[in-house]
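Q: what would the 3D arrangement of this be:
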Amino acid sequence: MGNPRQNVTFPSNGRTAHGYLAMPPKSIGPAVVVVQEWWGLTAHIADMADRLAAEGFVALAPDLYGGTVVHDRAEAARMKAELPAPRAAQDLRGAIDFLLAQPEVVGDAVGAIGFCMGGGLALALAAQEGDRIAAVVPFYGLPDDPDYDYRGLTAHVLGHYAENDRSLPVPVVDEAAIRIGEATDRRPEIHFYPAGHAFMNDEKQPSSYDALQADTAWRRTLTFLWAHLG
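A: Predicted coordinates:
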């Protein structure tokens, strides 16, 4: 059974992928791919797409779990582990193909924004797709491989990370930023917030959500996306 938030399909390497598409008020604008957390295509991820659309972007959140949404950490970890990296890459590439083919989309490149697992996937997608991604915004996420090869990434990078994130300590983020700078001609803009992991996720309130830090990160994100996609 599909996720009720699915409202669009698009081709993906010979099969059909699903996602949530949010359109801006004027039905035209630059495009952003929204990459889910390990929970799936949740209300939070759909809300992020809606918020981007309200600001003038065409936003598409691919459903990488094929309709499944999980709520338990052990189940989420299992779903993430069982997500084939090639399939995730295909679905995300298909999402870019779909967006760039839409007459409502302005420009020949898109943005990518991802949360937790999706933050790492968004960075990997930017390295995979080169000039087709002009701006990438990872929230508290990096590729699982600490030695990930970022060559191929040409996008501008804005990263949002938490100072109190036990799953992604500050030195690990710093090392990734250095690797990105060494492998590309981009010096990533990284911000650390006095918060914990998933501080943008108001579905997890009050355990992780931090309204003040979330607002600051969101304002920076909008400014960044418009600077490189507008």
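Q: now stretch 49-68, how far from the chain's geometric center?
A: 10 Å (Cα atoms, centre = their mean, to the nearest Å).
Q: ends of that stretch, what's the gap?
A: End-to-end distance for stretch 49-68: 18 Å, by Cα to Cα, to the nearest Å.
Q: may I see the buried residues of that stretch?
A: Buried residues in stretch 49-68, counted by 16 or more other Cβ atoms under 10 Å: 49-53, 55-66. Glycine gets a C-beta too; all of them are placed from N, C-alpha and C.
Q: pLDDT on it, on average?
A: For stretch 49-68, the mean pLDDT works out to 96.
Q: isn't V32 right next to V106, touching?
A: No: using Cβ atoms under 8 Å, V32 is not in contact with V106, being 11.7 Å away.
Q: what sits up against the helix ranked longest in the chain?
A: Counting residues, the longest helix found in the chain (DSSP state H) is helix 211-229. Applying Cβ atoms under 8 Å, 6 or more residues apart in numbering, the external contacts of helix 211-229 come out as 30-32, 51-52, 55-57, 107, 109-111, 113, 134-135, 137, 139, 155-156, 158, 160, 189, 191, 193-195, 199-200, 202.
Q: got it, and stretch 90-105?
A: With contact meaning Cβ under 8 Å, 6+ apart, stretch 90-105 is reached by 8, 10-13, 17, 19, 23, 27-31, 33, 35, 58, 60, 62, 64, 108, 110, 112, 121, 125, 128-129, 132-133.
Q: now do it: distance to the chain's middle.
A: 15 Å.
Q: ranges for the strands of the protein?
A: With DSSP state E as the criterion, the chain has strands at 8-12, 15-22, 31-35, 58-62, 110-115, 133-139, 156-164, 189-196.
Q: now those strands as TSV including distance to I45?
A: As requested, the strands of the chain are arranged in TSV below (distance: least, Cβ to Cβ, whole Å):
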stretch	distance to I45
strand 8-12	14
strand 15-22	7
strand 31-35	6
strand 58-62	5
strand 110-115	7
strand 133-139	11
strand 156-164	16
strand 189-196	19
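Q: and those strands: which comes nearest A77?
A: Ranking those by distance to A77, with Cβ to Cβ as the measure, places strand 110-115 first at 15.8 Å.
Q: same for the closest one, what does it pack against?
A: Where contact means 3 or more Cβ pairs under 8 Å, 6 or more residues apart in numbering; DSSP states H and E, strand 110-115 is packed against strand 31-35, helix 43-54, helix 85-100, helix 117-129, strand 133-139, helix 211-229.
Q: for the protein, which spans come out with low pLDDT?
A: 1-2, 204-206 (pLDDT under 70).
Q: which residues does the most centrally placed residue in the chain bridge with?
A: In the chain, the centroid-proximal residue (Cα atoms, centre = their mean) is G114; its distance is 1.7 Å. G114 forms beta bridges with V35, P138, as assigned by DSSP bridges.
Q: looks like it contacts V34 (just checking).
A: Yes: here G114 lies in contact with V34, judged by Cβ under 8 Å, at a distance of 7.4 Å.
Q: could you count how many residues lie near L21?
A: Residues near L21, counting by other Cβ atoms under 10 Å, number 21.
Q: and if you look at the one 10 residues further on?
A: Residues within reach of A31, counting by other Cβ under 10 Å, total 25.
Q: just checking, it touches I113?
A: No: the criterion here is Cβ under 8 Å, and A31 misses it with I113 at 11.2 Å.
Q: so how far is E104 from the spatially closest residue to A76 that is not a sequence neighbour?
A: Nearest non-adjacent residue to A76, counting by Cβ to Cβ, 6 or more residues apart in numbering: W38, 4.3 Å away. Here the distance between W38 and E104 works out to 30 Å (Cβ to Cβ, to the nearest Å).
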